[in-house]
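Novice: here is the input, now give the coordinates:
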Amino acid sequence: MTAIAPDDSWYEKFFSGAALDLWRRAKSPETTEEELAFLLEVLAPPAGACLLDVPCGNGRLSLPLSLMEFKVTGVDSCREFLNEAQAIAKAYETEINYLNIDMRKLSFRDQFDAAFCMGNSFAYFDRDGSLEFLKAVALSLKSGGRFLIDSVMPAESFLVNGAEKEWVKVGDIYMLTENRYNSRLSCVETRYIFIQNGKEEHRDAVHWIYTVGELCHMLEKSGFAIIDIFSSIDGEEFYLGSDRLLLVAEKS
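Specialist: All right, here's what the predicted structure looks like:
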């Protein structure tokens, strides 16, 4: 595999076509319900709280939270997904504030009771960019507001479990991932091949690799205190080789 030059804007070109089709099907309604229950348990927002979903995609989590009468703001850089989310919210006759902005450039101040970054959407940015994002979330939260990060990319997970090549099938979509680890920069350069209805689509992506300790340090530097570190929505403790990280922090 030819090396991919690390590019912090890769996600602006990634989410279209088969990539969006696959993501729409990747999470079942049952999984969404289970994630919502976990999210509400660990974030413990009061009734009618203001919640920040960043990035929000097509509103998979924003919509049901809005229907529970939370005041939800969703931020994403993918206009196609946001248009879809807005159309779905309108169909359900619920109001969600969807914004098409860079998640590093949040301009809110002390507005939200809780925030979450679900769907393995952390680690899109290098260390400076990730710290900028975490500081922006901290500024957006009220004092004592909680923040949940969901990721399969911490070093303790990806460097133990990640394969050089892997096939995944979701519905009628096949996806081949080819990973190349850049040890100098601590990032994974990935080439995706999507096959649907006999057609191929190619995408490149870069995920930056952090140890859990490094992520905790960045959160603390951004004004958070670490509350819990889980490996599943069942509340299991995170360990070396866990498939998933669910980290709960609170604004100091």
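
Novice: and Tyr181, bridged to which residues?
Specialist: Bridge pairing for Tyr181 (DSSP bridges) gives the partners Val188.

Novice: can you check the pLDDT for it?
Specialist: Looking at Tyr181, its pLDDT reads 95.

Novice: look up phi and psi at Ala91.
Specialist: Reported as degrees, to the nearest 10, the phi and psi values for Ala91 are phi -60, psi -30.

Novice: and it, how close does it get to Glu156?
Specialist: Distance, Ala91 to Glu156, using Cβ to Cβ, to the nearest Å: 41 Å. Yep, even glycine has a C-beta here, placed from its N, CA and C like the rest.

Novice: between those two, which has more neighbouring residues?
Specialist: Comparing Ala91 with Glu156 by other Cβ atoms under 10 Å, the one with more neighbours is Glu156, at 19 against 9.

Novice: now the residue minimising distance to the centre of the chain: closest residue in space, sequence neighbours ignored.
Specialist: Within the chain, one residue has its C-alpha closest to the average C-alpha position: by Cα atoms, centre = their mean, that is Ser121, at 2.4 Å. In this structure, Ser121 finds its nearest non-sequential neighbour in Pro55, 5.1 Å apart by Cβ to Cβ, 6 or more residues apart in numbering.

Novice: and the one you found, which of the three is it?
Specialist: With DSSP: H, G, I helix; E, B strand; the rest coil as the basis, Pro55 sits in coil.

Novice: what's it in contact with, if anything?
Specialist: For Pro55, the set of contacting residues under the criterion of Cβ atoms under 8 Å, 6 or more residues apart in numbering consists of 74-78, 103, 117, 119, 121.

Novice: same thing but at 10 Å, please
Specialist: Residues in contact with Pro55, defined by Cβ atoms under 10 Å, 6 or more residues apart in numbering, are 11, 15, 74-78, 81-82, 101-103, 117-119, 121-122, 124.

Novice: in strands, which of those fall?
Specialist: The members of those that map onto strands under DSSP state E are 74-76, 117.

Novice: can you redo those as CSV with pLDDT and neighbour count?
Specialist: Formatted as CSV, the entries for those read as follows, by pLDDT from 0 to 100; neighbours: other Cβ atoms under 10 Å:
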residue, pLDDT, neighbour count
Gly74, 98, 29
Val75, 98, 24
Asp76, 96, 26
Cys117, 98, 24
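
Novice: tell me the one of these nearest Ile96?
Specialist: Nearest to Ile96, judged by Cβ to Cβ, of the ones in strands among the contacts of Pro55 is Gly74 at 6.0 Å.

Novice: so the closest one sits against Leu63, correct?
Specialist: Yes. With the criterion set as Cβ atoms under 10 Å, Gly74 and Leu63 qualify as a contacting pair; they are 9.1 Å apart.

Novice: thinking again about what came up before, next one, pLDDT for the residue nearest to the centre of the chain please.
Specialist: The per-residue pLDDT of Ser121 was computed as 92.

Novice: ok, it to Ser252 distance?
Specialist: With distances taken as Cβ to Cβ, Ser121 is found 24 Å from Ser252.

Novice: please report how far the residue nearest to the centre of the chain lies from Leu148.
Specialist: Taking Cβ to Cβ, one finds Ser121 at 12 Å from Leu148.

Novice: in the stretch 51-200 of the chain, which spans are strands?
Specialist: Chain-ordered strands for the stretch 51-200 of the chain, with DSSP state E, counting those that start in this stretch as the definition, fall at 71-76, 97-100, 112-117, 141-151, 165-170, 173-182, 187-196, 199-208.

Novice: that concludes my questions; thank you for your assistance.
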